[in-house]
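Engineer: From the sequence below, what's the structure:
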Amino acid sequence: MKVRLFEVFTSVEGEGILYGTKTLFVRLAGCPFTCFYCDTLDALPLDSGTEYTLEQACGLIDENLQDKTYKVNFTGGEPLLQHEAVAELAKHIQSMKIPTYLESSCFDSNKFNHVLPFIDFVKIEFKTPDAEFVDSKHYSNLMENALGCLRSSVSSKKKTYIKIVVSSKTKSEPFKKLLQNIFKIITRDDLSGFIIQPTYGIAEPSLQSLLEFYDLVHPYYNEVRIVPQLQKLIGVP
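Structural biologist: Take a look at the predicted model:
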């Protein structure tokens, strides 16, 4: 088995409930999707990065793993495109007693379930229709898979949180419908967090709209947080 990696580096976690933690990022190469706000465009081509054997990739991780690292974040690109390799790399990390973290669009619940046993922290990202992730014809399938990933993660008792990126294009009605679908299958007690993340540098939402989205989530999950991308603000990868 081989794996295509775009980069491996240590930085500060800039998103979600673990922002501010010292993190080793393992960025998988390749993503077939088209979110208009994507900030890792160089890692999207399926032939980007470098191909490694699993042994070489584990060695690269070991070389870059610094003392006092809080967790290892598998990100992309889209990690689930190489789910079998991610599972093996995550096993390697867990053998060193370091927490693993999956950052994925959760587009395929079967691939997600293959990786899940070897992941400690799970971010379930729900895309709104305006994200331009997929066309409208395929959006319902994306939602079905993301909801399936959410079910699996909470039933496996993983530390699970939800993230939704919002922009000036995000409309309240689709956002409301998304919340209804999410909280039909889980309760607030199943979650470790709910993050609303504003886009940065492109189609940025207004404060008024951010507060509106906050108010929509609050009845379902009163610990909702609006968290921008810290790495952008402090100028690190």
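
Engineer: In this protein, where is pLDDT below threshold?
Structural biologist: Scanning the chain for pLDDT under 70 picks out no residues.

Engineer: all helices in it, in order from the N-terminus.
Structural biologist: Taking DSSP state H as the criterion, the chain carries its helices at 54-64, 83-94, 109-115, 136-155, 172-185, 207-217, 230-234.

Engineer: Can you point out the buried residues in the shortest one?
Structural biologist: Read that as helix 230-234. In terms of neighbour count (16 or more other CB atoms under 10 Å), helix 230-234 has its buried residues at residue 231. C-beta: built from backbone N, CA, C; applies to glycine.

Engineer: Pull the distance from that helix to the chain's centre.
Structural biologist: On the basis of CA atoms, centre = their mean, to the nearest Å, helix 230-234 sits 17 Å off its chain's mean C-alpha point.

Engineer: Not including adjacent chain positions, what is the nearest residue to the residue nearest the centre of the chain?
Structural biologist: Nearest residue to the geometric centre of the chain (CA atoms, centre = their mean): residue 103, 2.8 Å. Spatial nearest neighbour of residue 103, chain neighbours left out: residue 75 (4.2 Å); criterion: CB to CB, 6 or more residues apart in numbering.

Engineer: ok so, going back, wait, isn't the residue nearest to the centre of the chain in contact with residue 79?
Structural biologist: Yes: here residue 103 lies in contact with residue 79, judged by CB atoms under 8 Å, at a distance of 7.2 Å.

Engineer: residues shared between the contacts of the two?
Structural biologist: Common contact partners of residue 103 and residue 79 (CB atoms under 8 Å, 6 or more residues apart in numbering): none.

Engineer: How far away from the center of its chain is the lengthiest strand in the chain?
Structural biologist: As assigned by DSSP state E, the longest strand anywhere in the chain is strand 2-12. A distance of 15 Å separates the centroid of the chain from that of strand 2-12, by CA atoms, centre = their mean.

Engineer: Same question for stretch 1-13.
Structural biologist: Its chain's average C-alpha position is 15 Å from that of stretch 1-13, according to CA atoms, centre = their mean.

Engineer: thinking again about what came up before, CA atoms of the longest strand of the chain as PDB?
Structural biologist: Output of strand 2-12 as PDB, limited to C-alpha atoms (Å, rounded to 0.1, in the frame of the first residue of the first chain):
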ATOM      1  CA  LYS A   2       1.200   3.500  -0.800                       C
ATOM      2  CA  VAL A   3       0.000   6.900   0.200                       C
ATOM      3  CA  ARG A   4       0.300  10.300  -1.500                       C
ATOM      4  CA  LEU A   5       1.100  13.100   1.000                       C
ATOM      5  CA  PHE A   6       1.200  16.800   0.200                       C
ATOM      6  CA  GLU A   7       3.000  17.900   3.300                       C
ATOM      7  CA  VAL A   8       3.800  17.000   7.000                       C
ATOM      8  CA  PHE A   9       4.400  19.900   9.400                       C
ATOM      9  CA  THR A  10       4.000  21.100  12.900                       C
ATOM     10  CA  SER A  11       1.900  24.200  13.600                       C
ATOM     11  CA  VAL A  12      -0.800  25.600  15.800                       C
END
